[in-house]
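Participant: dropping the sequence and predicted coords here.
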Amino acid sequence: MTSTTDAVAAVGAGGAVVAGAGRGASRWANLRSVLGVAVRSPTFDIGVLILGFWVFTAIFWRVFAPYDPLVQGPAILGHPSGADLLGTDSLGRDVLSRVLAGASSVLSVAPIATVIGVVGGIIVGLVSGYYRRATDMILMRLVDTVLALPSLIVATLVLGVLGASDLAVIVVIGAVFTPIVARTVRSAVLSERDKEYVAAAKMRGESGLYIMGAEILPNITAPIIVEATVRLGYAIFIIATLSYLGLGIQPPSPDWGLTISQERVYVGVQPWVILGPAIALATLVVSVTLVADGLRKAIES
């Protein structure tokens, strides 16, 4: 955290306040410290490796997929073989290729939705925590109203009205996450707004916008990163659930949730058609959870 000697200005002639020289260099020290502690955790490292694998797969799946995941073949519900390592689905499409391609489907939507929710939450949380009083009361009552409704139910109802599309899913999930992130950011801002470096910025005559963005925000980056990681895991889960319900990513996408929904009736004939995407989805969510947990423990240590 930024120290008093770094943040408090030196008072010169005429009482003018100028920023301490070391403030800019030290304001990211807390984040670096948190990451340094996290990487020494085995569970965090495992989570990063698994998540890295799926991110790599999402980008380069075309290099490793043996077949086009959308092309149908004559072998319907084929068992695993040398030609089709995980067998084929009800339309003769290669399951392994669809599992690999499915990583791109979910990881092209979930991070964008998470970013929208986190950015919106940062803005609301900063304004609410910094200005407090009437501004805080109004914003937090709106946040409480949204949080009173289950996120998945809200997303389901809105998408049922707007129609299913990638853009609609991204916007709805981002909107649902905004009040959740705002709560976390507000709490962090309240613990920072009365510290010396903020007082020094006020004495220099800095605007509220500058103080929130350039002074407070860098000092609450660590909890925001943890919250963003947690939200990413929830976004992946919600997207898979919506796809399963037919309200998310639409056919013929190899999306994991959509595949599980379409092929679940054949689980007794060809279990790999379900197990492949289910295991992939589970490992991705678990990896994000491990990363978030490692970051949280590093902050608390």
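Facilitator: Happy to help now that I have it. Since the model is a prediction, treat every value here as computed from it, not as a measurement. Numbering: from 1, shown residues only.

Participant: and the host helix or strand of residue 231, what's its mean pLDDT?
Facilitator: Per DSSP states H and E: residue 231 is located in helix 221-244. Taken as a whole, helix 221-244 has an average pLDDT of 92.

Participant: can I get the next helix or strand after it in PDB, CA atoms only?
Facilitator: Downstream of helix 221-244, the next assigned helix or strand under DSSP H and E is helix 256-263. Taking Å, rounded to 0.1, in the frame of the first residue of the first chain, the C-alpha atoms of helix 256-263 are listed here in PDB:
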ATOM      1  CA  TRP A 256     -19.800 -27.100 -24.400                       C
ATOM      2  CA  GLY A 257     -23.100 -26.300 -22.700                       C
ATOM      3  CA  LEU A 258     -25.000 -26.400 -26.000                       C
ATOM      4  CA  THR A 259     -23.400 -29.800 -26.800                       C
ATOM      5  CA  ILE A 260     -24.400 -31.300 -23.500                       C
ATOM      6  CA  SER A 261     -28.000 -30.100 -24.000                       C
ATOM      7  CA  GLN A 262     -28.200 -31.500 -27.500                       C
ATOM      8  CA  GLU A 263     -26.500 -34.800 -26.900                       C
END
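
Participant: now helix 256-263 against helix 221-244, angle please.
Facilitator: For helix 256-263 against helix 221-244, the angle by axes from the mean of the first three to the mean of the last three C-alpha atoms, to 10 degrees is 20 degrees.

Participant: mind giving me the packing neighbours of helix 256-263?
Facilitator: Counting contacts by 3 or more C-beta pairs under 8 Å, 6 or more residues apart in numbering; DSSP states H and E, helix 256-263 packs against helix 95-107, helix 221-244, helix 272-300. From N, CA and C alone the C-beta is placed, and that goes for glycine too.

Participant: averaged pLDDT, the last one. What do you get?
Facilitator: This means helix 272-300. Here the average pLDDT along helix 272-300 is 92.

Participant: change the start of the numbering to 780 and stick with it
Facilitator: With 780 as the first residue, the last one maps to helix 1051-1079.

Participant: give me the angle between that helix and helix 874-886.
Facilitator: Using the same axes, to 10 degrees, helix 1051-1079 lies at 40 degrees relative to helix 874-886.

Participant: I figured residue 889 was touching residue 1018, is that so?
Facilitator: Yes: here residue 889 reaches residue 1018: they are 5.6 Å apart, a contact under C-beta atoms under 8 Å.

Participant: hey, what's in contact with both of the two?
Facilitator: residue 952 (C-beta atoms under 8 Å, 6 or more residues apart in numbering).

Participant: circling back to that earlier point, just how off-centre is the helix holding residue 1010 within its chain?
Facilitator: 4 Å (C-alpha atoms, centre = their mean, to the nearest Å).

Participant: could you dump it to PDB, C-alpha only?
Facilitator: What follows is helix 1000-1023 as a C-alpha-only set of coordinates in PDB (Å, rounded to 0.1, in the frame of the first residue of the first chain):
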ATOM      1  CA  THR A1000      -6.200  -3.100  -8.000                       C
ATOM      2  CA  ALA A1001      -5.500  -6.400  -6.100                       C
ATOM      3  CA  PRO A1002      -9.000  -7.000  -4.800                       C
ATOM      4  CA  ILE A1003     -10.400  -5.900  -8.100                       C
ATOM      5  CA  ILE A1004      -8.300  -8.600  -9.900                       C
ATOM      6  CA  VAL A1005      -9.500 -11.200  -7.500                       C
ATOM      7  CA  GLU A1006     -13.200 -10.100  -8.000                       C
ATOM      8  CA  ALA A1007     -12.700 -10.200 -11.800                       C
ATOM      9  CA  THR A1008     -11.300 -13.700 -11.600                       C
ATOM     10  CA  VAL A1009     -14.200 -14.900  -9.600                       C
ATOM     11  CA  ARG A1010     -16.700 -13.200 -12.000                       C
ATOM     12  CA  LEU A1011     -14.900 -14.900 -14.900                       C
ATOM     13  CA  GLY A1012     -15.700 -18.300 -13.400                       C
ATOM     14  CA  TYR A1013     -19.300 -17.400 -12.800                       C
ATOM     15  CA  ALA A1014     -19.500 -16.000 -16.400                       C
ATOM     16  CA  ILE A1015     -18.300 -19.300 -17.800                       C
ATOM     17  CA  PHE A1016     -20.900 -21.200 -15.700                       C
ATOM     18  CA  ILE A1017     -23.800 -18.900 -16.600                       C
ATOM     19  CA  ILE A1018     -23.000 -19.000 -20.300                       C
ATOM     20  CA  ALA A1019     -22.900 -22.800 -20.200                       C
ATOM     21  CA  THR A1020     -26.200 -22.900 -18.300                       C
ATOM     22  CA  LEU A1021     -27.800 -20.500 -20.700                       C
ATOM     23  CA  SER A1022     -26.600 -22.500 -23.700                       C
ATOM     24  CA  TYR A1023     -27.900 -25.600 -22.100                       C
END
